[in-house]
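Got a predicted model here, sequence first, then my questions.
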Amino acid sequence: MWPLALVIASLTAALSGGISQESSKVLNTNGTSGFLPGGYTSLLVQGGLLCGGVLVHPKRVLTASHCLNDGLKVYLGKHALGRVEAGEQVREVVRSIPHPAYRRSPTHSNHDHDIMLLELQSLAQLTGYIQTLPLSHNNCLTPGTTCQVSGWGTTTSPQVNYPKTLQFWPTLKNLHVPILRTIQINYFEILLEYLETEYFQNN
């Protein structure tokens, strides 16, 4: 599950009118082709996009710890900012569970243990627009497999240019996110242990 954490940690960012200025980027993109990843969520504070996330259960969203903020709302089935879309759902966040070892850095340079679970006020209604992305030991891909990625990060550098629509592979040109071997990054066990102790055992 390291690729999932990588996607969330590296491709979530605030918009220019938003709350933080993370250094995360989605570079060299040319927009979207109409496909919406059904498990992707948007985290908004006071109407401004703060982060992205993944719906791993109808009442749980996996995101990054640096996205912790008061007044979070989760938008499900969101593809474009600034308008209400068909199939869109909104849920209040009633509980945030950041990784206990995460330490926020003033320069946003610390991404160790940068993972968090959010509990939604009510269950998401699963539809053709909204689906869960379950976490499991049984669906691990082999090292070297190129993963699909999506996010709201800036599409240019060094100048920032935050998109108004969700960016995703394969329209993200020259962006390849391969799965790493466990010996390189032993993150899968860390993630599953955390999720099991904080969530799955209680449900």
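It's in. This one's a predicted model, so the numbers in the text were calculated from it and none came from an experiment. Residues are numbered from 1 along each chain as shown.

Confirm that Y75 sits in a strand.
Yes: applying DSSP: H, G, I helix; E, B strand; the rest coil, one finds Y75 inside a strand.

and it, how many neighbours?
Using other CB atoms under 10 Å, Y75 is surrounded by 20 other residues. (Glycine included, C-beta is placed from N, CA and C.)

Return the per-residue confidence for the closest residue in space to H66 that isn't next to it in sequence.
Once flanking residues are discounted, H66 sits nearest to D114: 5.8 Å by CB to CB, 6 or more residues apart in numbering. Confidence at D114, expressed as pLDDT, is 88.

you'd agree D114 is up against A101?
No: using CB atoms under 8 Å, D114 is not in contact with A101, being 10.0 Å away.

how near is the residue nearest to H66 to K164?
For D114, the distance to K164 (CB to CB, to the nearest Å) stands at 25 Å.

higher neighbour count, these two?
Set D114 next to K164 and count neighbours by other CB under 10 Å: D114 wins out with 23 against 13.

which element is that one on?
Assignment of secondary structure by DSSP states H and E places D114 within no helix or strand.

how about the strands of the chain, start to end?
Listed in chain order, the strands found in the chain under DSSP state E are 40-45, 48-57, 60-63, 72-76, 89-98, 116-120, 150-151, 167-168.

number of nearby residues for T63?
Neighbourhood size, T63 [other CB under 10 Å]: 27.

pretty sure it is touching S42, no?
No: applying CB under 8 Å, one finds T63 not in contact with S42, separated by 10.2 Å.

Residues in contact with both of those two, list them for me.
Shared contacts of T63 and S42, defined by CB atoms under 8 Å, 6 or more residues apart in numbering, are found at C51, G52, G53.

most neighbours, which of those?
Most neighbours among the shared contacts of T63 and S42, by other CB under 10 Å: C51, with 31 neighbours.

now the residue nearest to H66: how far from P163?
In terms of CB to CB, D114 sits 22 Å off from P163.

Ok, V74 next?
Remark: distance between V74 and P163 (CB to CB) = 19 Å.

So which of these two has more stuff around it?
Neighbours around V74 and P163, counted as other CB under 10 Å, are more numerous at V74. The numbers are 22 against 19.

any idea of the pLDDT on the closest residue to the more buried one other than its chain neighbours?
Closest residue in space to V74, ignoring its immediate chain neighbours: R91 at 4.8 Å, by CB to CB, 6+ apart. Per-residue confidence (pLDDT) for R91: 94.
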